[in-house]
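test case, fold it:
(one chain, ligands or ions: 1)
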Amino acid sequence: MTTHNPGDNADETESRPQSPRPTAGELLARAMRLRCPRCGEGRLFSGWAAMPERCSVCGLKYERAPGYFLGSTYINYGLTAVVLIAAYFLFHDGFGMTNQQLAGPMVGVCVVFPVLAFRHARALWLAFDCHFDASILSGEGE
Ligand SMILES: [Zn+2]
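Okay, here's the model as predicted:
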């Protein structure tokens with residue numbers, strides 16, 4: 001009687017040259033530079049908003065599934081909320097502006113900031129995913 005070891009299927013990934021797994025700080029730095037989370041060299045965007053399918057250096061597939069980057073909207077929302085709250089307290093408490101004076105500019109922040117943060121929100125989402133799911137970096141499931 002033979003026993004099946006679930007780790008037997010790992011032969012293919014073990015033969016692939018492995019670079020050390022990036023730390024959370026490295027993943028964050030690569031995201032802020034809009035670089036590939038696996039190699040840190042390939043660009044995440046080929047234009048302002050266009051993403052290539054794969055990293056030009058290591059071949060990492062960026063969009064793992066249809067709708068994969070929907071999760072980046074949560075990051076974008078959180079970043080926008082933090083910036084909005086910080087700006088409100090800075091201008092309301094720091095500079096004494098009234099709520100009526102701040103309403104218009106705050107609406108402007110809510111519209112403009114998410115557009116400006118779009119690329120970094122996607123990069124952070126990908127880095128976040130790579131941090132918690134190491135199979136992305138090892139190339140499993142490609
Ligand atoms: Zn890469």
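
please identify the helix or strand for the residue nearest the centre of the chain.
With distances taken as C-alpha atoms, centre = their mean, the chain has Leu124 as the residue nearest its mean C-alpha position (2.1 Å). Leu124 belongs to helix 118-132 when elements are defined using DSSP states H and E.

just the buried positions in that helix, please.
118-131 (16 or more other C-beta atoms under 10 Å). C-betas here are computed from N, CA, C, even on glycine.

quick one: Met97 and Pro37, what's the gap?
40 Å (C-beta to C-beta, to the nearest Å).

quick one: which of these two has more around it?
Shown here are Met97 and Pro37; by other C-beta atoms under 10 Å, Pro37 has more neighbours (27 against 14).

how about the secondary structure of the more buried one?
Using DSSP: H, G, I helix; E, B strand; the rest coil, the structure places Pro37 in coil.

excluding its backbone neighbours, what's nearest it?
Cys130 (4.3 Å; C-beta to C-beta, 6 or more residues apart in numbering).

helices or strands up against the helix holding Leu124?
Applying 3 or more C-beta pairs under 8 Å, 6 or more residues apart in numbering; DSSP states H and E, one finds that helix 118-132 contacts helix 24-32, helix 72-89, helix 135-138.

surely the residue nearest to the centre of the chain and Ala29 touch.
No: using C-beta atoms under 8 Å, Leu124 makes no contact with Ala29, being 11.3 Å away.

is the ion within reach of stretch 114-131?
No: Stretch 114-131 stays clear of the ion (C-beta under 5 Å from the ion), getting no nearer than 10.7 Å.

show residues contacting that stretch.
Outside stretch 114-131, the residues within contact range by C-beta atoms under 8 Å, 6 or more residues apart in numbering are 22, 24, 27-28, 30-32, 34-35, 37-38, 44-45, 48-49, 51, 62, 64, 69, 71-77, 79-80, 136-137.

please state the offset of stretch 41-59 from the chain centre?
Centroid separation between stretch 41-59 and its chain, computed with C-alpha atoms, centre = their mean, to the nearest Å, is 13 Å.
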